[in-house]
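Enquirer: Below is the sequence, then the predicted model.
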Amino acid sequence: MFRLPLAAAAMTIAASLAHAHGNVAPQPVNTDALPDVGEEWLTENPYRNAGPEVWATAVEIGDSGFNQNCARCHGLGAVSGGLAPDLRFLEAEEYGDEWFVERFQTGYSQDGVTKMPAFGELLGQKAAWAIRTYIETRPDDGALDDETPRLLEIRDRLKEMANGSDGDTEALQEELIGIAAGVETGSGAPIADSAAYRAANFIMASTPNYEAAAEALTIGLSAAH
């Protein structure tokens, strides 16, 4: 499901963005923490079912790689403003993988205009699949709408705890995990890298990071709207 601009003004903006994107030097992505996947390009995401640790690492690296190289046109958090395909809805299966990796490798041009530069040789296969893993874990539109009021309350409580107030960390952790489990992805992937998911992980650490958890909720809920 891709959102395409209809107005002539939007088309003009899209063309200017495309030229700008084509002229922006891709930023390198450090993928040393990910397992090697070989030199021959795969047609299916190798990190999707590689275990929770590899998956989480791929999401983290993909988040950085996406926001450095892709967000300019595809939107922060992969939420497209309508000038480029909304990649969140690209199916998390081989068909979607093939489309993604072909565009990533070779780019896309139309009528002599570079709509997307080729990233394959510049960033490599590991970066491609890390970015793909990040994109496919993005929450669906409105996935947190019903939970937003409560998540804002939790955010405010976490801020207080970051400043030294007492609080029930375990109870908040369990509540965040429960909310996160109910968030659906746009791609159909089984786990959403939602604001609730990230906040839960920050306070599940051996030394809970309440400030980072609160910030994850602030940023994630802002991006969702």
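Expert: Looks like it arrived, so ask away. These numbers were taken from a predicted model, which means no experiment stands behind them. Numbers count the residues shown, from 1 in each chain.

Enquirer: Compute the distance between the residue nearest to Trp41 when sequence neighbours are not counted and Leu42, please.
Expert: Leaving aside its chain neighbours, Trp41 sits nearest to Gln125 (5.7 Å; criterion: CB to CB, 6 or more residues apart in numbering). Every residue, glycine included, has its C-beta placed from N, CA and C. Gln125 sits 7 Å away from Leu42, going by CB to CB, to the nearest Å.

Enquirer: more neighbours, these two?
Expert: Gln125 (20 against 15; other CB atoms under 10 Å).

Enquirer: so where is this protein shaky, pLDDT-wise?
Expert: For the chain, the stretches flagged by pLDDT under 70 are 1-24, 224-225.

Enquirer: quick one, helices of it?
Expert: 8-23, 52-69, 71-74, 94-106, 120-123, 125-136, 148-162, 169-181, 195-204, 210-224 (DSSP state H).

Enquirer: I'd like those helices as a markdown table, with distance to Ser187 appended.
Expert: Shown next, in a markdown table, are the helices of the chain (distance: least, CB to CB, whole Å):
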| stretch | distance to Ser187 |
| --- | --- |
| helix 8-23 | 23 |
| helix 52-69 | 13 |
| helix 71-74 | 14 |
| helix 94-106 | 7 |
| helix 120-123 | 21 |
| helix 125-136 | 4 |
| helix 148-162 | 22 |
| helix 169-181 | 16 |
| helix 195-204 | 15 |
| helix 210-224 | 16 |
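
Enquirer: of all the ones you listed, which lies closest to Val37?
Expert: helix 125-136 (5.6 Å; CB to CB).

Enquirer: can you dump the C-alpha coordinates of the closest one into PDB?
Expert: Coordinates of each C-alpha in helix 125-136 appear next as PDB, following Å, rounded to 0.1, in the frame of the first residue of the first chain:
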ATOM      1  CA  GLN A 125      24.200  -6.100   1.900                       C
ATOM      2  CA  LYS A 126      24.300  -6.200   5.700                       C
ATOM      3  CA  ALA A 127      23.300  -2.600   5.900                       C
ATOM      4  CA  ALA A 128      20.500  -3.300   3.500                       C
ATOM      5  CA  TRP A 129      19.000  -6.100   5.600                       C
ATOM      6  CA  ALA A 130      19.400  -4.200   8.800                       C
ATOM      7  CA  ILE A 131      17.500  -1.200   7.400                       C
ATOM      8  CA  ARG A 132      14.900  -3.700   6.100                       C
ATOM      9  CA  THR A 133      14.500  -5.200   9.500                       C
ATOM     10  CA  TYR A 134      14.000  -1.800  11.100                       C
ATOM     11  CA  ILE A 135      11.400  -0.800   8.500                       C
ATOM     12  CA  GLU A 136       9.300  -4.000   8.800                       C
END
